[in-house]
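Enquirer: Model the structure of this input:
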Amino acid sequence: MEEVKKRGCMEKARPFISVVLLQVGLAGMDILSKAVLNKGMSNYVLVVYRHAVATLVMAPFAFYFDKKVRPKMTLMIFFKIALLGLLEPVIDQNLYYLGMKYTTATFATAMYNVLPAITFVLAYIFGLERVKLRCMRSAGKVIGTLATVGGAMIMTIVKGPVLDLFWTKGASAPNTAGTDIHSAIKGAVLVTIGCFSYACFMILQAVTLRTFPAELSLTAWICLMGTVEGAVVALVMEKGNPGAWAIGWDAKLLTVTYSGIVCSGIGYYVGGIVMKTKGPVFVTAFSPLGMIIVAIMSTIIFSEQMYLGRVLGAVVICAGLYLVIWGKNKDYKYPSTPQIDGDSAQPSVELCRNGKDSVETV
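Expert: Numbering: from 1, shown residues only. The predicted model follows:
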C-alpha cells in the first residue's frame, strides 16, 4: 500500500518537477546566450547551430525508441511540423535574442512572462481551455491574464530607483549602464511578438500530438525543420558576412551545445510529454521561475542593475500568473488537453456548473 501511495505521489509530482527543471535549463541558456550575443555572435547563426546540434542528438533516440509508435508521415502532418519549425525555432528565438540584445537577459526573461497569458487566450479560442465568467475560478484566470500583461507593461515603462545589491556595488560603469526607454520598448515589442509565436507553437504542438503521438520523433523533426528554415533566414540576414558562421572551442560552442541539447532537444520533448496530460497553459505557467533565476544570475555575472520598477512589475506578473494557475487547478479533477485516445483527455469531473461550486459528473 505504501509503495502504491509513493508511486501515485511521484506520478502527480512528475509534471511539476519536469517543468521546474526545464525552467532551470532555460535560465542557463539565457545567461549563456546573452554572453555570446554581447561578444558579437549572430543570433541567426546561433539558432541554426543550436537546432543542428539538437537534431543530431535527438534523431538516433527517435529512430530507435519510436519504432512502434511513430505513425506514417502524411502531407498534413509534414505541413504542421514545418510550421512548428518556423514558429518557435526561427521566429520566436530570433525575436527573443534580438530583444535581449536591445535590453538585458533579466528584462527579456521577465517580458516572456506574458507567454502564459497569450497561451491561455489562444487555448480558449481553440477550445483547449474553458472559461465561465460567473465562476470565481474563471474570473481568477481572466484577472490573472490581465495582471500578467499589466505587469509586463510596468516592467517596460516604469524604471524607478536602482536597487543597490551588495554584489553589484563597485561594478564598472559600462556594465551598470541602464537600458534607455526606446531600447526597452523596442526589445519589449520583439519579445512579445516572439511570445505570441511561441504560444502558437504550443497550441499547434498539442494539436499535432493527436495525430503524431511520437514525442521523440516530433522533437527531432521540429529541430530538423528549424535548422533548415533557420539556415535560409541566416543566409539572407548574414549575406556577405561569412565570418558570422565561424565557431571554435569557446563560449559560442558551449552555448550552441547546451541550448541545443537541453533547451531545444530535451525542452521540446519534455514539453510534449507534459502537455499531453496537463495542457499547453500548464507547460508555460512556470516561466517566472526562470525570470527569478536569470535575474539573480545576471546581477552577479553581468553586474546588471536591478530597478524597483522591474521588481514591482515582476511581482504583478507572478501574482497574475498564479491566479491563472489557481483558476486552472480548480477547473478540473483531470486535465482537458486532448490526448491520443480522445475520451481519456476529457475531464471526468467539472466544477462550478450553472454558476455554483458544485461537483457534477460529465
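Enquirer: Report all helices and strands that the helix or strand harbouring residue 51 contacts.
Expert: Using DSSP states H and E, residue 51 sits in helix 43-65. With contacts defined as 3 or more CB pairs under 8 Å, 6 or more residues apart in numbering; DSSP states H and E, helix 43-65 has these neighbours: helix 2-38, helix 93-102, helix 215-237, helix 251-258. For the C-beta atoms, the positions are set from N, CA and C on the backbone; glycine is no exception.
Enquirer: which intervals of the stretch 101-250 of the chain have sub-threshold pLDDT?
Expert: In the predicted model of the stretch 101-250 of the chain, residues 106, 156, 165-180 satisfy pLDDT under 70.
Enquirer: just the helices in it please.
Expert: Secondary structure of the stretch 101-250 of the chain (DSSP state H, counting those that start in this stretch): helices at 105-111, 115-125, 136-157, 173-176, 181-211, 215-237.
Enquirer: relative orientation of whatever helix or strand comes next after the helix holding residue 51 and helix 215-237 in degrees?
Expert: Proceeding N to C from helix 43-65, the next assigned helix or strand is helix 75-85, under DSSP H and E. Per axes from the mean of the first three to the mean of the last three CA atoms, to 10 degrees, the angle that helix 75-85 makes with helix 215-237 is 60 degrees.
Enquirer: Mind listing what's buried along helix 75-85?
Expert: Neighbour counts over helix 75-85 (16 or more other CB atoms under 10 Å) mark 77, 80-85 as buried.
Enquirer: biggest separation within the residues you listed, which pair?
Expert: Spanning the widest gap among those are 77 and 85, at 12.7 Å by CB to CB.
Enquirer: pLDDT value on the residue positioned nearest the centre of the chain, please?
Expert: By CA atoms, centre = their mean, the chain has its centre lying nearest to residue 284, at 5.7 Å. Looking at residue 284, its pLDDT stands at 79.
Enquirer: Could you point out which of the helices of the stretch 101-250 of the chain sits nearest residue 96?
Expert: Among the helices of the stretch 101-250 of the chain, the nearest to residue 96 by CB to CB is helix 181-211 (4.5 Å).
Enquirer: Which neighbouring elements make contact with the closest one?
Expert: Using 3+ CB pairs under 8 Å, 6+ apart: helix 181-211 touches helix 75-85, helix 93-102, helix 105-111, helix 115-125, helix 136-157, helix 215-237, helix 267-278, helix 280-284.
Enquirer: what's the most buried one of those?
Expert: When those are scored by mean count of other CB atoms under 10 Å, the highest mean neighbour count falls to helix 105-111 (a mean of 28).
Enquirer: what packs against it?
Expert: Looks like helix 105-111 contacts helix 2-38, helix 93-102, helix 136-157, helix 181-211, helix 287-301, helix 308-331 (3+ CB pairs under 8 Å, 6+ apart).
Enquirer: most packed of those helices?
Expert: Counting by mean count of other CB under 10 Å, the most buried of these turns out to be helix 93-102, with a mean of 23.
Enquirer: could I have it exported to CSV, CA atoms only?
Expert: The C-alpha trace of helix 93-102 is given here as CSV (Å, rounded to 0.1, in the frame of the first residue of the first chain):
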residue,chain,number,x,y,z
GLN,A,93,14.0,32.5,-30.9
ASN,A,94,15.4,35.1,-33.3
LEU,A,95,13.0,37.8,-32.0
TYR,A,96,13.8,36.8,-28.4
TYR,A,97,17.5,37.1,-29.0
LEU,A,98,17.1,40.4,-30.8
GLY,A,99,15.0,41.7,-27.8
MET,A,100,17.7,40.5,-25.5
LYS,A,101,20.3,42.5,-27.5
TYR,A,102,18.3,45.7,-27.1
